[in-house]
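**Student:** got a sequence here, can you build the structure:
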Amino acid sequence: MYGIGLGVVMSSVLWAANLAKSVPGTVYIFPDIITLIALPALVLLALRFLAFQDNTLTRWSLRRAGTTMVVFGALLFATTLTILGFVSFSEPSARMLLIGSTMAFAGFLGVGWLTVLMATSWFPYAHGRR
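**Tutor:** Below you'll find the predicted structure:
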């Protein structure tokens, strides 16, 4: 559920930032610094909420939940970028859309997984519980 929410919020930010840029013939994966900062901030908030909601979560179960959340968010983010490519380009090629969605998926996963690893290492309530 949190992964879908993360994907929807990040997809909305992606769509709005690309519309604000309004450069014809281009679609950006992370159009501005706000989009790049929003992903770790939202992952941190969701993990913090999960950890405070359930005190029995161990560090590993929190990492597993964060990884699942990031994967679902990345799938939705990549799908949104593909749809944005269809809407933005007059004649989109399948190769271009595939490369763009793959880059969006990989970028989201990279930033998200690093955030999950750092967040679960830093949270003070997770120490001692493996």
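**Student:** what sits against residue 86?
**Tutor:** Contacts for residue 86 were tallied using Cβ atoms under 8 Å, 6 or more residues apart in numbering; they are 92, 97. Where you see a C-beta, it was placed from the backbone N, CA and C, and this is true even at glycine.
**Student:** pLDDT value on it, please?
**Tutor:** Note for residue 86: predicted pLDDT of 88.
**Student:** what residues sit buried inside the helix or strand bottoming out on mean pLDDT in the chain?
**Tutor:** When the helices and strands of the chain are compared on mean pLDDT, DSSP states H and E, helix 2-21 comes out lowest with a mean of 85. Residues 2-3, 6-7, 9-11, 13-15, 17-18 are the ones in helix 2-21 that count as buried (16 or more other Cβ atoms under 10 Å).
**Student:** what is the nearest of the residues you listed to residue 74?
**Tutor:** Distance to residue 74 across those (Cβ to Cβ) is lowest for residue 7, with 7.4 Å.
**Student:** name the helix or strand for the residue nearest to that closest one when sequence neighbours are not counted, please.
**Tutor:** Nearest non-adjacent residue to residue 7, counting by Cβ to Cβ, 6 or more residues apart in numbering: residue 76, 2.8 Å away. Using DSSP states H and E, residue 76 sits within helix 59-88.
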